[in-house]
Each structure stands twice: as C-alpha cells, then as structure tokens.
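>>> Got a sequence here, can you model it:
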Amino acid sequence: MRMGSGERGAGSVLALAVVAATVALTVPVLGACALLLGGQLAANAADAAALAAADVASGASSGEPCARAADAAERNGAVLEACAVDGAIADVRASVTVAGVAQAARARAGPPDARPVP
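Numbers count the residues shown, from 1 in each chain. Next up is the predicted model:
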C-alpha cells in the first residue's frame, strides 16, 4: 500500500472551499457597491436638476424651473420627487432605484450672492 493514499482528492476539496469562500465574500461586496453607485447616481441627478432649475429661475434659460429640473433628472436616470424655487435658489430632491433599493438625494443651486429667505 502507498503512503498518503488516503489524501487523494484533498486538493480538489480545498480548491472548492476557496472558490466557495470567494463567492460568499464577493456577493455582499457587489451589493454594497450597487448601493454606493445608486447614492452617487441620485446625487448627480439632483445636482443637475437643481442647476437646471436655477438657470431658469435666474433667467439664464427659458422655461419653467421645475419642468426643466424634472427633465434634467430624467436624463440622468432619476425621478424628480420635489422641487421648490425661492427667488433664484432652486431646491430639489431626486431618486433612483438600483437593485430594487430606492436612493434619494437633495441639492440646492443658485447664484453665489443669493440668500434663502428664513
């Protein structure tokens, strides 16, 4: 009888264990990355929407501020949830859904010398 014959196939079992551990650790990391991506997409869309609304409110472009904000949010893959314009300051809230989880962000834009009314 050969020595070590009881260990035949041990390398295969070890390789399967390493693959299973890698998959088990990768799945939650990918989920967390998707949530981070959703938050960033929502923030980008909210920023674009606020800037678009502020441009209209300040007279730099034509149209209705909240309609322009909704269009900007939609072009960035988001939905405009709220829009308020006070003078030349636009305050918006946009959301996206990534991997079944809704992520929302708020942004405010306006000229640097404009101050919101308390």
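>>> Show the average pLDDT along the lengthiest helix in the chain.
Secondary structure of the chain read by DSSP state H shows that its longest helix is helix 10-58. Taken as a whole, helix 10-58 carries a mean pLDDT of 88.
>>> following that helix, which helix or strand shows up next?
The helix or strand immediately downstream of helix 10-58 is helix 65-75, counting by DSSP states H and E.
>>> so what does whichever helix or strand comes after that following helix touch, helix or strand wise?
Following helix 65-75 in sequence order, the next helix or strand is strand 79-86 (DSSP H and E). Secondary-structure packing of strand 79-86 (3 or more C-beta pairs under 8 Å, 6 or more residues apart in numbering; DSSP states H and E): helix 10-58, helix 65-75, strand 89-98. C-beta: built from backbone N, CA, C; applies to glycine.
>>> want to throw the ones you listed into JSON lines with distance to G110 and mean neighbour count?
Formatted as JSON lines, those follow (distance: least, C-beta to C-beta, whole Å; neighbours: other C-beta atoms under 10 Å):
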{"stretch": "helix 10-58", "distance to G110": "5", "mean neighbour count": "16"}
{"stretch": "helix 65-75", "distance to G110": "11", "mean neighbour count": "21"}
{"stretch": "strand 89-98", "distance to G110": "4", "mean neighbour count": "23"}
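>>> Throw the ones you listed into a markdown table and include distance to E81, thanks.
Formatted as a markdown table, those follow (distance: least, C-beta to C-beta, whole Å):
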| stretch | distance to E81 |
| --- | --- |
| helix 10-58 | 9 |
| helix 65-75 | 9 |
| strand 89-98 | 5 |
